[in-house]
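**Student:** Here is a sequence with its predicted model. Questions after.
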Amino acid sequence: MGCFFSKKSKRKSPEKEDPTPTTTTVETTTTSNAVPLGNNTDEAPKQYSWDKREKVDPKDYMLTGLKDVTVGRLPGKLNGQQFVIQECENCNIFVLDHSATITIDDCVNCRIVLGPVKGSVFFRDCKDIKCVVACQQFRTRDCKKMEVFLCCATQPIIESSTGMKFGCFQYYYPELAFHFKDAGLSIFNNNWSNIHDFTPVSGENNWSLLPEASAVLDFVPAPDAESEFKSVRISGEPTRSIVPLTKGGRRKDSEESCLFVFFAGEYTTANARKMIDEASAKGFVLIQTKEVSMRPEDVKRVFQNSAEDLVEWITKGPVIALELNGDGVVEACKNIAIEVFSGTKVFVSDNKNTSSRDVDNFFNFADMQMGL
């Protein structure tokens with residue numbers, strides 16, 4: 001947050017003047033129409049929009065120099081403002097609201113949950129941090145030993161950082177879906193495993209992925225019953241997570257993948273979530289998801305022979321795409337499309353011989369669209 005200051009004038013004051021206020025008049029062509037200026041008490045002073053703004057106390061938007069406490073902000077306390085966390089040690093920090101940007105500096109041995117951040121989350125000079133983060137941009141510099149359950153719309157970046165471990169975002173509290181919307185983030189655009197290391201070291205790996213079975217509450221426990229956050233219903237169950245749990249960059253279990261795309265409609269998000277549940281119940285694995293807008297020429301390039309039937313549907317809004325993996329997944333997805341989504345416009349890979357091409361065509365296009 002910035003502050004404005006004005007320097008005192010260095011010019012010498014004129015000789016002392018009579019402090020008695022005077023009334024100045026501006027004469028018009030007729031002296032009887034003189035308009036008084038100065039001490040005119042007949043007219044109320046003007047009010048400007050900035051006079052009506054609620055006063056903001058910077059202390060409400062920062063946590064500084066804390067130790068051995070559970071602190072943070074409840075839903076509705078930030079409402080899209082910037083936030084700062086600095087010089088905290090052995091703290092449990094819960095920022096359960098959406099915000100503009102968050103910087104975390106010089107923190108040690110802390111557990112941190114950050115609600116959706118419209119812009120960037122920047123960790124600097126931090127050590128032994130376990131956190132849950134949803135943001136547009138994620139970056140660390142000069143950090144050591146961090147374990148991050150992440151939802152990031154762009155490619156996460158680490159710089160001069162070591163011992164970094166990443167897992168897919170898994171978290172729920174009742175207001176979280178609304179906070180994602182307020183922050184302008186899609187739950188389907190998550191590049192949690194696509195890490196870029198600005199300062200790689202030959203022969204060493206500064207980052208890795210957490211074990212696939214990692215449970216978020218084992219790393220960042222829910223608030224204790226004595227804290228101000230006890231009334232917030234928090235869950236770390238993957239099935240309740242607002243963000244779908246994806247396999248990301250881990251090795252696929254099968255060579256067969258299927259592309260399943262929902263075109264914009266009234267229940268697109270709900271349908272995509274239902275499809276994930278249907279596929280998971282049959283033992284298939286969600287590899288990645290994307291929500292992007294498409295133009296007619298994009299449809300022709302991505303869907304090729306099926307494009308003509310799909311062009312009109314992309315004018316209604318973004319599409320949501322899923323990559324599902326497992327032996328027999330293509331036939332299973334085609335059956336689900338018929339049985340569950342018969343009244344919904346979808347694209348499903350036609351056969352397993354071309355399904356890998358479908359997946360590559362769509363997600364390569366989506367990554368280019370998003371600048372990844």
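**Tutor:** Noted; the coordinates are in hand.
**Student:** Hmm, residue 209 is touching residue 251, no?
**Tutor:** No: using CB atoms under 8 Å as the test, residue 209 is too far from residue 251 to be in contact (10.3 Å). Where you see a C-beta, it was placed from the backbone N, CA and C, and this is true even at glycine.
**Student:** Those two - which one has more neighbours?
**Tutor:** Between residue 209 and residue 251, counted using other CB atoms under 10 Å, the more crowded position is residue 209 (17 against 5).
**Student:** Provide a list of residues in contact with the more buried one.
**Tutor:** Going by CB atoms under 8 Å, 6 or more residues apart in numbering, residue 209 touches 165-167, 193, 248-250.
**Student:** Now secondary structure and distance to residue 202 too, for the residues you listed, in JSON lines please.
**Tutor:** Formatted as JSON lines, the contacts of residue 209 follow (DSSP: H, G, I helix; E, B strand; the rest coil; distance: CB to CB, whole Å):
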{"residue": "165", "secondary structure": "strand", "distance to residue 202": "21"}
{"residue": "166", "secondary structure": "strand", "distance to residue 202": "22"}
{"residue": "167", "secondary structure": "strand", "distance to residue 202": "26"}
{"residue": "193", "secondary structure": "coil", "distance to residue 202": "22"}
{"residue": "248", "secondary structure": "coil", "distance to residue 202": "25"}
{"residue": "249", "secondary structure": "coil", "distance to residue 202": "21"}
{"residue": "250", "secondary structure": "coil", "distance to residue 202": "24"}
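**Student:** give me the low-pLDDT residue ranges for the stretch 251-372 of the chain?
**Tutor:** Within the stretch 251-372 of the chain, the ranges that satisfy pLDDT under 70 run 372.
**Student:** Distance of residue 223 relative to residue 96?
**Tutor:** Going from residue 223 to residue 96 by CB to CB, to the nearest Å gives 9 Å.
**Student:** er, residue 188 actually
**Tutor:** Distance, residue 188 to residue 96, by CB to CB: 22 Å.
**Student:** what do you get for residue 339?
**Tutor:** With the distance defined as CB to CB, residue 339 ends up 39 Å from residue 96.
**Student:** the more surrounded of those two?
**Tutor:** Set side by side, residue 339 and residue 96 show more neighbours around residue 96, with 24 against 9, by other CB under 10 Å.
**Student:** so the more buried one touches residue 175, yeah?
**Tutor:** Yes: using CB under 8 Å, residue 96 makes contact with residue 175 at a distance of 7.3 Å.
**Student:** Pull up the overlap in contacts between the two.
**Tutor:** Residues touching both residue 96 and residue 175 (CB under 8 Å, 6+ apart): residue 75.
**Student:** would you say residue 177 is within a strand?
**Tutor:** No: assigned with DSSP: H, G, I helix; E, B strand; the rest coil, residue 177 falls outside any strand and is helix.
**Student:** With residue 132 as the reference, measure out to the residue lying closest to it once chain neighbours are set aside.
**Tutor:** Closest residue to residue 177 in three dimensions, ignoring its sequence neighbours and counting by CB to CB, 6 or more residues apart in numbering: residue 242, at 5.4 Å. The gap separating residue 242 from residue 132 is 11 Å, by CB to CB.
**Student:** In terms of neighbours, single out the busier of these two.
**Tutor:** Between residue 242 and residue 132, counted using other CB under 10 Å, the more crowded position is residue 132 (24 against 19).
**Student:** now that one, which residues is it bridged with?
**Tutor:** Using DSSP bridges, the bridge partners assigned to residue 132 are residue 113, residue 149.
**Student:** how about residue 287, what does it touch?
**Tutor:** 246-248, 252, 257, 323-325.
**Student:** cutoff 7 Å now
**Tutor:** Each residue near residue 287 by CB atoms under 7 Å, 6 or more residues apart in numbering is listed here: 246-247, 252, 257, 323, 325.
**Student:** now residue 128
**Tutor:** 108-109, 145.
**Student:** Can you say which of these are buried?
**Tutor:** Buried by 16 or more other CB atoms under 10 Å: 108-109, out of the contacts of residue 128.
**Student:** Name the nearest of the contacts of residue 128 relative to residue 304.
**Tutor:** When the contacts of residue 128 are compared for distance to residue 304 (CB to CB), residue 145 comes out closest, at 46.7 Å.
**Student:** Surely that closest one forms part of a helix?
**Tutor:** No: Residue 145: not assigned to a helix; according to three-state DSSP it is strand.
**Student:** Does it touch residue 163 like I think?
**Tutor:** Yes: assessed by CB atoms under 7 Å, residue 145 is found in contact with residue 163 at 4.1 Å.
**Student:** Any chance you could list residues touching both of those two?
**Tutor:** Counting by CB under 7 Å, 6+ apart, nothing touches both residue 145 and residue 163.
**Student:** Quick check: buried residues in stretch 116-132?
**Tutor:** Quick answer for stretch 116-132 (16+ other CB under 10 Å): 116-118, 120-132.
**Student:** Alpha carbons of the helix or strand hosting residue 130, as CSV, please.
**Tutor:** According to DSSP states H and E, residue 130 maps onto strand 127-141. Output of strand 127-141 as CSV, limited to C-alpha atoms (Å, rounded to 0.1, in the frame of the first residue of the first chain):
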residue,chain,number,x,y,z
LYS,A,127,11.3,-21.2,5.5
ASP,A,128,9.4,-24.4,6.7
ILE,A,129,6.0,-23.3,5.3
LYS,A,130,3.0,-25.5,4.7
CYS,A,131,0.3,-23.8,2.8
VAL,A,132,-2.9,-23.9,0.7
VAL,A,133,-3.0,-21.3,-2.0
ALA,A,134,-5.4,-20.3,-4.9
CYS,A,135,-4.2,-17.5,-7.1
GLN,A,136,-3.7,-16.1,-10.6
GLN,A,137,0.1,-16.0,-10.2
PHE,A,138,2.4,-17.8,-7.7
ARG,A,139,6.0,-17.0,-7.0
THR,A,140,8.7,-17.7,-4.4
ARG,A,141,12.1,-16.1,-4.0
